[in-house]
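K.L.:
sequence first, then the predicted structure:
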Amino acid sequence: MRIERWLTVAGYGTWLVSALPTIFRIVQGQIGPGATAVWVTAFVAFGIAFGVMCVEPRGILRMRGVRLAALASQSCAGLTMVASADDLFPAATLVVVAGQLDEFSPRIAATWVIVQTIALGIVGLRYTGPVLAVATAGSFGGFQLFALVTAWLTTRERRAREALMQANIELVATRAMLAENSRASERLRISRDLHDTLGHHLTALSLQLEVASRLADGKAAEHVRQAHAITRLLLSDVREVVSELRGTRFDLRAAVRSLAVSSGALAIHLDLPEVLEIDEPLQGHALLKCVQEIITNASRHAAARNLWIQIDETRDGITVNARDDGQGVGVVALGNGLIGMRERFEEHSGHVEFRSEHGRGFEVHGFMPKPRLAS
């Protein structure tokens, strides 16, 4: 179970356990009907507001104002439970509130904790002395600070994990490109060696045999002609091998699958042809970098759990379609990553479009023509 889920369980546990003394007093009739109604309303309101903060933020739930309102509701509900039942145990819910302030700036979080602590001290003055009220408020203030620091450390750990995952994705992509470049360089070196050494000597041998065939007679002439024919055939085979070695193709399918395997918590669903090899290595590298950027956006910015990538090779070129189940945005703002993706497509005479809506994820639709069609 992820640490965020453990913190959610701990928050709900604190909410329920802190209410047990008050519930016991209500059952025994020690709290009046009016105070009971107020307490129950505040108790339920806290649970609902806390649930809003715990669900994965999508659409309107991701808006800063909505999340601030949910936190304010929790704080007011916690203080209301303390005031309506003259019971300090529900003050533990304020510690739960402090544990959710990690997504805001340190100034806002610290101010929120101070205000909650002061408010708790004022509420405590209704049924305790000043010394006990100050001591209680100070104690819960320390608990709140501890919860806030713990939440901050958890957030830092999560961000570090995401950064490590992103670095791993980039490393895998770079490794795939380096491996492909290494294979291409080795093939080119072998083709040059075959052309410069074996091809040169076979050409010289063919010329010598042609001269010998003109000077020889009888049975020797027939053998010389056969040797000359074999030499020409062998030279043709060498030229074909050299041409095949020079025709290096980029295995985009294998490279994309390597990226998908190293995507971490993001589930990537691939729809690829059985064979997806690109004639132009530079075009293959550009497509791979675009797929890498799509994965980065889905995992880092979209908060998506699933990503669907479809790559097809048509007679005209390569199409790339991707969509995720992230929170989406109302207006697509082109950052450095999306601008770089568009530039890579345009460098190879292609084009790419980005679509998104709140709560409907993010989509990428791109097309890159084959090199001979782009010229």
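P.N.:
Now that the structure is in, tell me what you want to look at.

K.L.:
what sits up against the helix or strand harbouring residue 353?
P.N.:
Using DSSP states H and E, residue 353 maps to strand 351-356. Contacts with strand 351-356, where a contact means Cβ atoms under 8 Å, 6 or more residues apart in numbering, come from 290, 320, 328-330, 332, 334, 338, 341-342, 345, 362-367. Just so you know, the C-beta spots here come from the backbone N, C-alpha and C atoms, and that holds for glycine as well.

K.L.:
okay, buried residues for the helix or strand hosting residue 84 please.
P.N.:
Assigned by DSSP H and E, residue 84 belongs to helix 64-85. Neighbour-count burial for helix 64-85 flags 67, 70-71, 73-75, 77-85 (criterion: 16 or more other Cβ atoms under 10 Å).

K.L.:
closest to residue 124 out of these?
P.N.:
Distance to residue 124 across the buried residues of helix 64-85 (Cβ to Cβ) is lowest for residue 82, with 7.6 Å.

K.L.:
so the closest one versus residue 114, what's the distance?
P.N.:
Distance, residue 82 to residue 114, by Cβ to Cβ, to the nearest Å: 17 Å.

K.L.:
same deal with residue 259?
P.N.:
Distance, residue 259 to residue 114, using Cβ to Cβ: 47 Å.

K.L.:
so which of the two has more stuff around it?
P.N.:
Neighbours were counted for residue 259 and for residue 114 using other Cβ atoms under 10 Å; residue 259 has more, 22 against 13.

K.L.:
surely the more buried one meets residue 295?
P.N.:
Yes: applying Cβ atoms under 8 Å as the test, residue 259 and residue 295 come out as touching, 6.1 Å apart.

K.L.:
the helix or strand hosting residue 38 packs against which elements?
P.N.:
Element membership for residue 38 (DSSP H and E) is helix 33-54. The contact analysis (3 or more Cβ pairs under 8 Å, 6 or more residues apart in numbering; DSSP states H and E) places helix 33-54 against helix 3-27, helix 64-85.

K.L.:
after the last one comes which helix or strand?
P.N.:
I take that to be helix 64-85. Next along the chain after helix 64-85, taking DSSP H and E as the criterion, comes helix 92-98.

K.L.:
got the contact list for that next one?
P.N.:
11, 14-15, 17-18, 46, 50, 71, 74-75, 77-79, 81, 109, 112-113, 116, 120, 140, 143-148, 151.

K.L.:
could you identify the helix or strand that succeeds it?
P.N.:
Counting by DSSP H and E, what follows helix 92-98 is helix 106-124.

K.L.:
and that following helix, average pLDDT?
P.N.:
On average, the pLDDT along helix 106-124 is 91.

K.L.:
so residue 83 is in contact with residue 122, correct?
P.N.:
No: using Cβ under 8 Å as the test, residue 83 is too far from residue 122 to be in contact (9.5 Å).

K.L.:
need phi/psi at the residue positioned nearest the centre of the chain.
P.N.:
The centroid of the chain falls nearest to residue 299 when counting by Cα atoms, centre = their mean (1.7 Å). Per-residue torsions, residue 299: phi -80, psi -30 (degrees, to the nearest 10).

K.L.:
grab the nearest non-local neighbour of it.
P.N.:
Nearest residue to residue 299, sequence neighbours excluded (Cβ to Cβ, 6 or more residues apart in numbering): residue 266, at 4.5 Å.

K.L.:
close enough to count as contact, that neighbour and residue 298?
P.N.:
Yes: at 6.0 Å, residue 266 counts as touching residue 298 under the criterion of Cβ under 8 Å.

K.L.:
which of the two has more residues huddled nearby?
P.N.:
A direct count of neighbours by other Cβ under 10 Å for residue 266 and residue 298 places residue 298 higher, at 27 against 21.

K.L.:
let me see the ranges of the helices in the stretch 251-375 of the chain.
P.N.:
Under the criterion DSSP state H, counting those that start in this stretch, helices of the stretch 251-375 of the chain are mapped to 252-261, 281-296, 336-347, 371-374.

K.L.:
what's the closest of those helices to residue 236?
P.N.:
Nearest of these (Cβ to Cβ): helix 371-374, 25.6 Å.

K.L.:
and the closest one, average pLDDT?
P.N.:
56.

K.L.:
repeat that for stretch 298-308.
P.N.:
Stretch 298-308 carries an average pLDDT of 79.

K.L.:
flag every buried residue along it.
P.N.:
For stretch 298-308, a neighbour-count test (16+ other Cβ under 10 Å) marks 298-300, 302-304, 307-308 as buried.

K.L.:
please pull out the lowest mean pLDDT helix or strand from the protein.
P.N.:
None of the helices or strands of the chain scores lower by mean pLDDT, DSSP states H and E than helix 371-374, at a mean of 56.

K.L.:
any low-confidence regions in the stretch 201-350 of the chain?
P.N.:
For the stretch 201-350 of the chain, applying pLDDT under 70 flags the ranges 201, 218, 223-224, 228, 238-249, 262-265, 302.

K.L.:
which one's the longest helix in this protein?
P.N.:
helix 130-193 (DSSP state H).

K.L.:
model confidence over that helix, on average?
P.N.:
Helix 130-193 comes out at a mean pLDDT of 79.

K.L.:
next, the buried residues of the following helix or strand past that helix.
P.N.:
The element immediately downstream of helix 130-193 (helix or strand, assigned by DSSP H and E) is helix 199-215. With burial defined by 16+ other Cβ under 10 Å, the residues of helix 199-215 counted as buried are 199, 202, 205-206, 209, 212-213.

K.L.:
and of the residues you listed, the nearest to residue 132?
P.N.:
Nearest to residue 132 among these, counting by Cβ to Cβ, is residue 199 at 97.9 Å.
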